[in-house]
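Engineer: A structural model of the following input is requested.
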Amino acid sequence: MSAIDVDAVELLRRFCIDDPSVSGEGPRARAGVLDERTAALVRLGALIAVAAPAASMGAAVDDAVSAGVSAEEIVDVLTRLTSLVGSPRVVAAAPRIAMALGYDDELVDVIDV
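Structural biologist: Numbering: from 1, shown residues only. Have a look, this model is predicted:
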């Protein structure tokens, strides 16, 4: 095993015991290896999967855009999640994302958040 593999195993062990240093909660919270863009897309995908409220979705979209993610990439997250979380989850998230991206005026006839 390489040093990276050992680190990954150790991190998994710490997640298994709910160590706050890996969950982002403790004072020694570990910085991840994902770049900001990727981390923002992962967060957005997770929020879509759990049907997060509009405020959380809006903050995630803002963070993603600040990290350099384009609107097209954000919409692609919706597209790719459809087969994983189901169309109803994606359809429910779409208006929240549209509002966060500032497209609510163009979609006013179909958005009912």
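
Engineer: for this protein, where's the lowest mean pLDDT among helices and strands?
Structural biologist: Lowest on mean pLDDT, DSSP states H and E among the helices and strands of the chain sits helix 3-16, with a mean of 73.

Engineer: export that helix as CSV, just CAs?
Structural biologist: Coordinates of each C-alpha in helix 3-16 appear next as CSV, following Å, rounded to 0.1, in the frame of the first residue of the first chain:
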residue,chain,number,x,y,z
ALA,A,3,1.1,6.3,1.8
ILE,A,4,-2.0,7.7,0.1
ASP,A,5,-3.8,4.3,0.6
VAL,A,6,-2.8,4.2,4.3
ASP,A,7,-4.1,7.8,4.7
ALA,A,8,-7.4,6.8,3.1
VAL,A,9,-7.8,3.8,5.3
GLU,A,10,-7.0,5.9,8.4
LEU,A,11,-9.6,8.5,7.3
LEU,A,12,-12.2,5.7,6.8
ARG,A,13,-11.4,4.4,10.3
ARG,A,14,-11.9,7.9,11.7
PHE,A,15,-15.2,8.3,9.8
CYS,A,16,-16.4,5.0,11.3
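
Engineer: which parts of the helix or strand following it count as buried, going by neighbours?
Structural biologist: Per DSSP states H and E, the first helix or strand lying C-terminal to helix 3-16 is helix 36-49. For helix 36-49, the neighbour count (16 or more other CB atoms under 10 Å) marks Ala40, Leu41, Arg43, Leu44, Gly45, Leu47, Ile48 as buried. Where C-beta positions appear, they are placed from N, C-alpha and C, glycine not excepted.
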